[in-house]
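Trainee: Can you look at this prediction? I've put the sequence above it.
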Amino acid sequence: MRMVDRISRAPWIWSWFAAFLVWFATIMVTGGASTLGLSQAALTFAAFSIIVGIGQMFVITLGPGNIDLSVPATMTLAGTVALKLMDVDNAMILPGLITAILIGIAVGITNYALIKALRIPPIIATLSMSFIVQSAAIWTNRGLRIKPPSFLADFTTSTTLGVPNVSLVALVISVIAWFLLEKTIYGRWISAIGQSTPAARMAGIPVDGIRFITYVFCAVLASLAGYLLACFSGGAALNMGTEYLLMSIAVVVLGGTAVAGGDSNVPGIWGASLFMFLVVSMLNTYGLGAGFRLIMTGLIIISVIMLAGGRQPGAR
Amino acid sequence: MPKAIIDVADVKVSFGAVKALDGVSLAIMPGECVGLVGHNGAGKSTIVSVINGGLSPHQGTILGEGELIARFGINAARARGVRCVFQELSLCPNLTVLENTRILHRHLGGLGWRKRAKQVIERSLDTMFPGHGIASDRIVGDLSIAERQMVEIAMAFSDGGIPPRLIILDEPTSSLDASLAEQMLAHVLRFVASGGSVILISHILHEIITTASRIVVMKDGRIVAERPAEAWTENGLVEAMGSVVKGEAHRRAIRDLAEAPVVVEQIGHGIPFRAKRGEIVGLAGLAGHGQTDMLMKLHASSGADWLPRRDPAVTFVAGDRRLNGVFELWSILKNFSVASLGDLASRGVVNADAEVQRAGEWKQRIEIRTPNMANRMLSLSGGNQQKVLFARALATRAPVVLMDDPMRGVDVGTKQEVYEIIRQEAAHGRTFVWYSTEMEEVCLCDRVYVFREGAIVAELAGDAVTEENILASSFTGVAA
């Protein structure tokens, strides 16, 4: 009973529960025929939201007002530049990856420089940054659609022992993120900053340094997701990041991370990302029109948040 | 015999365990100026709030003109002509002077109110501060602090339908220069001579003695002395404000620290601040005269905002727990360990066992009353939360501990326990910089700096650390 009690209080349980329900409802309609296909597709597409969402979660954990809206533009720029550099050459995979990560680091540094040096609120700073980054992506792309190197294209679209490779990458990143949050000083510090920045400063935490690292980390994860997504979808497109702006925030909130900061949650990101994909496929399976589908998506998200919001914060 | 404008009898107000007013009776007669003095937390502001209707007493009666007022509130007080000028300026900064006048005087409403408001405020400003040069259509936010204070005072004395009968002036001269203050006090005398009443609160004692007709001294929520102004001297007032009973029991032994090295230093205007190894240095003076700023400066000058430091130079114990002390979502354990994680980790990974062990030791040592350190921080009482914050600071290796009035709202037993810990730690060579609003605590210090208007005005050491000396320096601003 204590086990059940503890699990029902975990903030991530609701997103998992919802994801499972929707998954079950969808395979029931198809009579179980699509079970494997649906699960693999869900894991594949969720992987990108998980990677981006984890970065966003770290930033949101920093407390009220902290958010990174430059995520979609960073994804696009990293994807286009990396593909252009690799130019379908398998030997260039590593330089391409490094370039993508460097782009992430540069965007993160600029983001925090705007926030700190010019004292612009993060929501405005990262939004303006996203326009600059997006323009850079348009400028480098010039309408070209370059295919990814064959090895990468295969890797991102295939499975290992039935599990999609991209979701394995997301799993590795999630384990690292969980370790950072739960076991390291860094994790303690971002949680402290999110709960009370003045108290964190007075406790001797290097507040600016930690916030800086966190914004860079978020941008790096976004650029990594952009790199993988561009390879997965057979080439970078200028609008490839667009849906991840709201997605990255939605999975953080649905996953049970406190919007007010200080309390983050890695498993919840998985449940929420799977759920977000599965809801859309369920409504598709039912053959509903686009408008109705969007309304249903909104309603379902609201009900999950209401359910999860009723929880009592337990001892941690 | 004329009847008192407001007569409060045996009023009691308490905030939690703190008795802000403990049976105060005060009657304000027409045509008198009552001076009200007392140290921080003596209850001056509370009694003023009761008289202006902002605060309902938990016990006691309020009479107006000899009649019992059952439902006394701000509106009832205003209808009787009670006005108040507060320490913190209370005009709307985004409105003009005459628009602010309109807000105060409801009867000015209707068509053409601007004209009427202009007349009311200008008449009052002209009588009080001739040659003031304040146009009534200026935005209050654009005025200097002194001009704003003048407008505020003139507004209280202005007549816009209900004539003012009792005006409460709380530190009215704090932002006025000497000549303006004189003009204002002269007006107070005229107002009183014409039958009005004034309650004057000021920390500048000679103002009170020359202006008031009767002086009331408050201490610990009671009136401890009340005499006509002629019967008072400045020294007499300072003595009356001090405690009658001396708490000599826990006075520290005088230690010889002349040889000890200086560990922190802060040089600004006024006397420079220095603290030696193993010394307990007190920051005293009236609240809000720069003590907290000094602590923040000391913290900022040795703090790190970008890179973590292996050897922190200072650590901090917050007085305002909610604002800059407690992490509310966390357990007691995490709240305790947050400042010393560097010592409990290897390569950035926190050693959970070491953390639990260290917390266990401190739980024993300062007796944090909880069954389990994994419980939420907010499950503790205020005093125990404060102990956790002390443990957090003392568990670091920082040689200097800054304390920002840390005993706010802590019960007596816990205080004694913490005093003992501080003495032990100081004996082992830790330096404490201690801002306190409580005399008793300041008197525990080896050396005390007295603050006035943002600067250190006096330094007291050893036997000179007494309540009388501290009060004298914080009121007169002359180095003792």
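Mentor: Noted; the coordinates are in hand. Numbers count the residues shown, from 1 in each chain, chains lettered A, B, ... in the order given.
Trainee: correct me, but B:P272 touches B:E265?
Mentor: Yes: applying C-beta atoms under 8 Å as the test, B:P272 and B:E265 come out as touching, 6.9 Å apart. Using the backbone N, CA and C atoms, a C-beta is placed for each residue, glycine as well.
Trainee: low-scoring stretches of chain B, by residue?
Mentor: B:1, B:16-18, B:40-41, B:87-89, B:243-258, B:303, B:409-413, B:476-480 (pLDDT under 70).
Trainee: Got the domain ranges for it?
Mentor: Annotated domains of chain B cover B:6-241, B:262-476 [automatic domain parsing].
Trainee: Any idea which of the ones you listed gets closest to A:S174?
Mentor: Among the domains of chain B, domain B:262-476 comes nearest to A:S174, with 17.9 Å by C-beta to C-beta.
Trainee: before we move on, the earlier item: in a markdown table: the domains of chain B, plus mean neighbour count and distance to A:T80.
Mentor: Formatted as a markdown table, the domains of chain B follow (neighbours: other C-beta atoms under 10 Å in any protein chain shown; distance: least, C-beta to C-beta, whole Å):
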| stretch | mean neighbour count | distance to A:T80 |
| --- | --- | --- |
| domain B:6-241 | 18 | 49 |
| domain B:262-476 | 19 | 33 |
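Trainee: need these in CSV with distance to chain A, can you?
Mentor: Listed next are the domains of chain B as CSV, based on distance: least, C-beta to the nearest C-beta, whole Å:
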stretch, distance to chain A
domain B:6-241, 21
domain B:262-476, 4
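Trainee: I'd like those laid out as CSV, including distance to A:M306.
Mentor: Shown next, in CSV, are the domains of chain B (distance: least, C-beta to C-beta, whole Å):
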stretch, distance to A:M306
domain B:6-241, 36
domain B:262-476, 21
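Trainee: Indicate which one of these is closest to A:I50.
Mentor: The nearest among those, by C-beta to C-beta, is domain B:262-476 at 23.8 Å.
Trainee: Nearest residue to B:Q59 in space, ignoring adjacent ones along the chain?
Mentor: B:K12 (4.1 Å; C-beta to C-beta, 6 or more residues apart in numbering or on different chains).
Trainee: Just grab the bridge partners of that neighbour for me.
Mentor: For B:K12, the beta-bridge partners under DSSP bridges are B:D22, B:Q59.
Trainee: for chain B, what are the nearby residues on chain A?
Mentor: Residues of chain A found near chain B (C-beta under 8 Å from any C-beta of the partner chain) are A:183-186, A:188-189, A:191-192, A:195-196, A:198-209, A:212, A:258, A:262-263, A:313, A:315-316.
Trainee: I'd like to know which of those residues are buried.
Mentor: Buried subset of these (neighbour count, 16 or more other C-beta atoms under 10 Å in any protein chain shown): A:183-186, A:188-189, A:191-192, A:195-196, A:199-208, A:212, A:258, A:262-263.
Trainee: Tell me which stretches of the stretch 251-400 of chain B form strands.
Mentor: Along the stretch 251-400 of chain B, counting by DSSP state E, counting those that start in this stretch, strands occupy B:262-266, B:273-276, B:280-285, B:314-317, B:345-346, B:349-350, B:400-404.
Trainee: Dump these to JSON lines, plus distance to B:G110.
Mentor: Listed next are the strands of the stretch 251-400 of chain B as JSON lines, based on distance: least, C-beta to C-beta, whole Å:
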{"stretch": "strand B:262-266", "distance to B:G110": "57"}
{"stretch": "strand B:273-276", "distance to B:G110": "58"}
{"stretch": "strand B:280-285", "distance to B:G110": "49"}
{"stretch": "strand B:314-317", "distance to B:G110": "56"}
{"stretch": "strand B:345-346", "distance to B:G110": "71"}
{"stretch": "strand B:349-350", "distance to B:G110": "69"}
{"stretch": "strand B:400-404", "distance to B:G110": "51"}
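Trainee: quick one: which of those is nearest B:D463?
Mentor: The nearest among those, by C-beta to C-beta, is strand B:280-285 at 14.3 Å.
Trainee: partners of that closest one, with directions?
Mentor: Counting by DSSP bridges, strand B:280-285 is paired with strand B:431-435 (parallel), strand B:447-452 (parallel).
Trainee: Make CSV out of the ones you listed and add distance to B:E122.
Mentor: Shown next, in CSV, are those (distance: least, C-beta to C-beta, whole Å):
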stretch, distance to B:E122
strand B:431-435, 44
strand B:447-452, 36
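Trainee: B:I215 should be in a helix, yeah?
Mentor: No: counting by DSSP: H, G, I helix; E, B strand; the rest coil, one finds B:I215 to be strand, located in no helix.
Trainee: Contact partners for it?
Mentor: Contacts for B:I215 (C-beta atoms under 8 Å, 6 or more residues apart in numbering or on different chains) come out as B:34-37, B:208-209, B:226-229, B:232, B:237.
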